[in-house]
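Engineer: structure, please.
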Amino acid sequence: MYMAPILLIPEKTDVEVEQVVTAYTNRGGRVKRLGKYWVKDEELAAEQIAIYGNQAFALVLAQIYGLELLSPDDTLITRLEHTWTKRTVELKQLGNIKETDFPVFIKPVIPKMFLAGVFQNITDLKKATEGLPNTEEILVSTVIDNIQAEARCYLLNGEVQDIAFYEGSADLSAGKVFVAAFATANKEQLPAAVVADIAYAPQTGWFVLEFNACWGAGLNSCNAENVLNCILAATFNVGR
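Structural biologist: Sure thing, here's the model as predicted:
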């Protein structure tokens, strides 16, 4: 008989995590708050597990309990057609950036290695990436000006579960049509459960900004009940 997974969350949470907890318990799901999450609980080891929390929390639990977390390929954005990105996005090494490349948007492939943003010159970039090797991989993107809105979208098996603005405003119904078309066209390249952030600018229309993992992404005004299945599907229990 199918048993719904127990949802593991950090002991210290925020408003969005509590919204997910409420949505799951209202459905009859079980939730466990973990303090010393790095200590293996043998009773939990026999359970079907789902995870929702920060990266360190999720990765440690995945290793301890033999789980796989569905995460988007951080370099996928570089392989998408221009139809979806509306800009050039390249994978480069830090040492290959030249003065003539600026101004440019740069973000690390490995999250939080440095603060992503638009850099006006190579001096500013060197300050932000001080201490990192020249071989550090980065995503380099042409800059789109006058972005009016950014929205978060949860996708499950190529279908939109919810979409909401987290900055600015535009025609969200058009944004939903755009991201639904994107998900259909790129379903084979995306994890079964994934968060896609999109943006709108008058000169380009809607375009894909980036991707995030459902097990760790904030709701950003999406409805917890609508995206709960995405969160649960983002943890794969190997061999259980």
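Engineer: how far is stretch 227-240 from where the chain is centred?
Structural biologist: 15 Å (CA atoms, centre = their mean, to the nearest Å).
Engineer: er, stretch 190-197 I mean
Structural biologist: With CA atoms, centre = their mean, you get 7 Å for stretch 190-197.
Engineer: and the longest helix anywhere in the chain, what does it pack against?
Structural biologist: Secondary structure of the chain per DSSP state H: the longest helix is helix 172-185. When contacts are defined as 3 or more CB pairs under 8 Å, 6 or more residues apart in numbering; DSSP states H and E, helix 172-185 packs onto strand 149-156, strand 159-168, strand 193-201, strand 205-212. Every C-beta, even on glycine, is put in place using the N, C-alpha and C of the backbone.
Engineer: what about 6 Å?
Structural biologist: Judged by 3 or more CB pairs under 6 Å, 6 or more residues apart in numbering; DSSP states H and E, helix 172-185 is in contact with strand 149-156, strand 159-168, strand 193-201.
Engineer: which one of these lies closest to residue 59?
Structural biologist: Checking the helices and strands packed on helix 172-185 against residue 59 by CB to CB gives strand 193-201 as the closest, at 16.9 Å.
Engineer: excluding chain neighbours, what is closest to residue 17?
Structural biologist: Once flanking residues are discounted, residue 17 sits nearest to residue 9: 5.7 Å by CB to CB, 6 or more residues apart in numbering.
Engineer: now do the SS call for the one you found.
Structural biologist: Of the three states, residue 9 takes strand according to DSSP: H, G, I helix; E, B strand; the rest coil.
Engineer: same question for residue 63.
Structural biologist: Strictly by three-state DSSP, residue 63 counts as helix.
Engineer: ok so, going back, the residue nearest to residue 17 contacts residue 52, doesn't it?
Structural biologist: Yes - using CB atoms under 6 Å, residue 9 makes contact with residue 52 at a distance of 5.4 Å.
Engineer: next one: the spatially most central residue of the chain from residue 220, what distance?
Structural biologist: Note on the chain: the residue nearest the mean C-alpha position is residue 212, at 0.9 Å, using CA atoms, centre = their mean. Applying CB to CB, to the nearest Å, the value for residue 212 to residue 220 is 10 Å.
Engineer: before we move on, what about residue 36?
Structural biologist: With CB to CB as the criterion, residue 36 and residue 220 are 29 Å apart.
Engineer: so which of the two has more stuff around it?
Structural biologist: residue 220 (19 against 7; other CB atoms under 10 Å).
Engineer: check what pLDDT residue 240 gets.
Structural biologist: For residue 240, the pLDDT comes out at 54.
Engineer: let me fix that: residue 141
Structural biologist: 96.
Engineer: likewise for residue 148?
Structural biologist: At residue 148, the model reports a pLDDT of 97.
Engineer: surely it is in contact with residue 204?
Structural biologist: No - with contact defined as CB under 6 Å, residue 148 does not reach residue 204; the gap is 10.6 Å.
Engineer: these two - which one has more neighbours?
Structural biologist: More neighbours surround residue 204 than the other of residue 148 and residue 204, with 15 against 12 (other CB under 10 Å).
Engineer: what's the closest non-adjacent residue to that one?
Structural biologist: Here the residue nearest residue 204, using CB to CB, 6+ apart, is residue 86, at 4.0 Å.
Engineer: brilliant, that's me finished.
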